[in-house]
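Participant: what follows is a predicted structure for the sequence shown.
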Amino acid sequence: MATIEQRRLKSGNTRYWVKWRLGGTRTGDPQSEPFDTKAEAHTFKLHVEDSGHQWPENWIPRRGWAPGWVPGIGWTAVQEEPDHDPVRFADYATEFVNSLSGIEERTRFEYHRDLRLHLIPAFGDVDLRDVTQLTPKHVRQWVNHLQEGVPDPRTPVNPKTGRGKKKGATRGQRTGWLRPPLRAKTIQNLHGLLYIICQAAAQEDPPLRPSNPAALTRLPRTDDGEGAEDMCFLTRSEFAMLRDAAHPDVRDMLEVFVLTGLRYSELTGLQVRDIALRHPPGAAGAQNSTGVLHVRRAWRRQPDNTFELGPPKTKQSRRRIALSPRAVHLINPRLAQKGPEDFVFTTDNGAWWRHSSFYNRRWVPAVKRARALGLTKKPRIHDLRHTHVAWLIDKNVHPFKIQRRLGHMSITTTMDRYGHLVTDLDDELLAAIDDAPALAPPAATAITHPGSTVQRKLTVAS
């Protein structure tokens, strides 16, 4: 029979010991188990006696019942506590974008917009610690989803015309789609944001996940069916048609645009002090004069959708551009009677041309009229910069000079974007090949000598 022995410890607490001999015989080995309360000791004593004075089944000495074992019931499912609290993608991504350093607030605003519209709806509730919830397969499926779009059953797309019915579509919604397919460049940008978020999670200390699921994703190519649409190059006659179709108050602005290759934000941010001519502003007889244009500032969109003048896009964008006599002739009247900080190109009211206003009031009508007159292309505003490069390449201007004029960070950017226009290299390569020393004819002289090594080898082979 098991007994309970009460002991008082030096600390003043009471400890209860259950004692018995194995098998309940006097010769059995003595056993004991301590408890903090008398109730626990009494319960264990009953289990010992019920087990024939043996250790109760699944009792671990000095530790208690085995996890998941309930006396009288048996084994039950054990709900293991996670080693770490889950990390939701939405929370981590938002905090990550907030903590990014070295970026402009407008860029941060756009990252948050992309998170809200595209990444969080797809991965918001994913636990970044759980590698099974966000895998390379999930990333590939997401990319395909962005590329395919979400059709709207209320406004189906006609497969022959590619257009959808307007009936049932909400205001501002593109008919035929709940979400239209995204362009390859947009998908690349969204994937890039997902990549840096997952990479940061993999590089945390300690890491939140072992690897980056977006590391090896194959993305749509920007030149698959989009190359001609993304970049439109105008010939000189085509540009002349577009310029003549534009409103008279912006014709000189468009021509300076295509003669300098400036970005729109740089062109509209030009001030009088940025122009250095070889004659005073407004002076006559300047048809053959040249000058220099300094790109020091550009319009930058702010998170609240306003604009402020700030540094250009990159360090390389701060540059000096030589002006041709034609460009000087067009700019010169715009400088007369203006202060150093006045804008060169302005509206009739003297305000700078905001992009949305210029696009809707001047660019779209000009393109529409030019196409009615026979222009087969549909250029964007930025295509005037592309056209400038095409004209330089057509005159065999060195790519390094083009890079410096455009303000690209490296010549790689220039060649990746416009290298397909460089056709004169083929002629130079062929000329270099023709200038190489003539090769000797294939071993014909050696065969003419009977008994030579080559002759003997040929004889054996035959």
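Facilitator: Done, it's in.
Participant: residue 88 contacts residue 125, correct?
Facilitator: Yes. With contacts defined as Cβ atoms under 8 Å, residue 88 counts as touching residue 125 at a distance of 6.3 Å. C-beta coordinates here come from the backbone N, C-alpha and C atoms, glycine included.
Participant: who has more neighbours, the two?
Facilitator: More neighbours sit around residue 88 than around the other of residue 88 and residue 125, counting by other Cβ atoms under 10 Å; the figures are 16 against 11.
Participant: distance of that one from residue 128?
Facilitator: 8 Å (Cβ to Cβ, to the nearest Å).
Participant: cool, and residue 362?
Facilitator: 48 Å.
Participant: ok, residue 95 next?
Facilitator: Counting by Cβ to Cβ, the separation of residue 95 from residue 128 is 12 Å.
Participant: repeat for residue 401
Facilitator: For residue 401, the distance to residue 128 under the criterion Cβ to Cβ works out to 47 Å.
Participant: ok, those two, which is more surrounded?
Facilitator: Under the criterion of other Cβ under 10 Å, the comparison of residue 401 against residue 128 puts residue 128 first, with 25 against 12.
Participant: which residues touch the more buried one?
Facilitator: For residue 128, the set of contacting residues under the criterion of Cβ atoms under 8 Å, 6 or more residues apart in numbering consists of 87-89, 92, 134, 198, 201, 208-209.
Participant: one more: residue 300?
Facilitator: 104, 106, 265, 307-310.
Participant: residue 60 too?
Facilitator: Contacts were defined as Cβ under 8 Å, 6+ apart; by that measure residue 60 touches residue 66.
Participant: how many residues are close by residue 211?
Facilitator: Taking other Cβ under 10 Å as the neighbour definition, residue 211 ends up with a count of 15.
Participant: equivalent analysis for residue 194, please.
Facilitator: Summarising burial for residue 194: neighbours were counted as other Cβ under 10 Å, giving 25.
Participant: with residue 64 instead?
Facilitator: When neighbours are defined as other Cβ under 10 Å, residue 64 has 14 of them.
Participant: which strands and helices sit next to the helix or strand harbouring residue 108?
Facilitator: Element membership of residue 108, judged by DSSP states H and E, is helix 105-114. Contact partners of helix 105-114 among helices and strands, from 3 or more Cβ pairs under 8 Å, 6 or more residues apart in numbering; DSSP states H and E: helix 89-99, helix 184-202.
Participant: and the contacts of it?
Facilitator: With Cβ under 8 Å, 6+ apart as the test, helix 105-114 has contacts from 94, 97-98, 100, 189-190, 193, 300-303.
Participant: can I get the buried part of the residues you listed as one PyMOL selection?
Facilitator: Of these, the buried ones can be selected in PyMOL as follows, counting by 16 or more other Cβ atoms under 10 Å:
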select buried, resi 94+97+190+193+300+301
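Participant: tell me which two in the contacts of helix 105-114 are the farthest apart.
Facilitator: Using Cβ to Cβ, the pair of the contacts of helix 105-114 lying farthest apart is 94 and 300, separated by 23.8 Å.
Participant: give me the below-cutoff pLDDT ranges for the stretch 101-250 of the chain.
Facilitator: Applying pLDDT under 70 to the predicted model, the residue ranges of the stretch 101-250 of the chain that meet it are 155-176, 222-230.
Participant: out of the contacts of residue 128, which is nearest to residue 64?
Facilitator: Closest to residue 64, out of all of the contacts of residue 128 and judged by Cβ to Cβ, is residue 87, at 33.4 Å.
Participant: which pLDDT value belongs to the closest one?
Facilitator: Per-residue confidence for residue 87 comes out at a pLDDT of 92.
Participant: which residues sit in contact with residue 21?
Facilitator: Here residue 21 is in contact with 27-31, 53 (criterion: Cβ under 8 Å, 6+ apart).
Participant: again, but for residue 392
Facilitator: For residue 392, the residues meeting the contact criterion (Cβ under 8 Å, 6+ apart) are 261, 401-402, 405.
Participant: filter those down to the buried ones, PyMOL style.
Facilitator: Selecting only the buried members of the contacts of residue 392 in PyMOL, with burial defined as 16+ other Cβ under 10 Å, works like this:
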select buried, resi 261+402+405
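Participant: any idea what sits nearest residue 53, other than its immediate chain neighbours?
Facilitator: Excluding the flanking residues, the one nearest residue 53 by Cβ to Cβ, 6 or more residues apart in numbering is residue 24, at 3.7 Å.
Participant: look at the one you found and report its pLDDT.
Facilitator: Turning to residue 24, the model gives it a pLDDT of 87.
Participant: count the neighbours of it for me.
Facilitator: Counted with other Cβ under 10 Å, residues neighbouring residue 24 total 14.
Participant: distance of it from residue 49?
Facilitator: Counting by Cβ to Cβ, the gap from residue 24 to residue 49 is 8 Å.
Participant: what do you get for residue 207?
Facilitator: Distance from residue 207 to residue 49, counting by Cβ to Cβ: 53 Å.
Participant: on that earlier part again, joint contacts of residue 24 and residue 49?
Facilitator: In contact with both residue 24 and residue 49: residue 1, using Cβ under 8 Å, 6+ apart.
Participant: the helix or strand containing residue 402 - contacts with which helices or strands?
Facilitator: For residue 402, the element it lies in under DSSP H and E is helix 399-406. When contacts are defined as 3+ Cβ pairs under 8 Å, 6+ apart, helix 399-406 sits against strand 319-323, helix 383-394, helix 411-418.
Participant: avg pLDDT for the second one?
Facilitator: This points to helix 383-394. 89.
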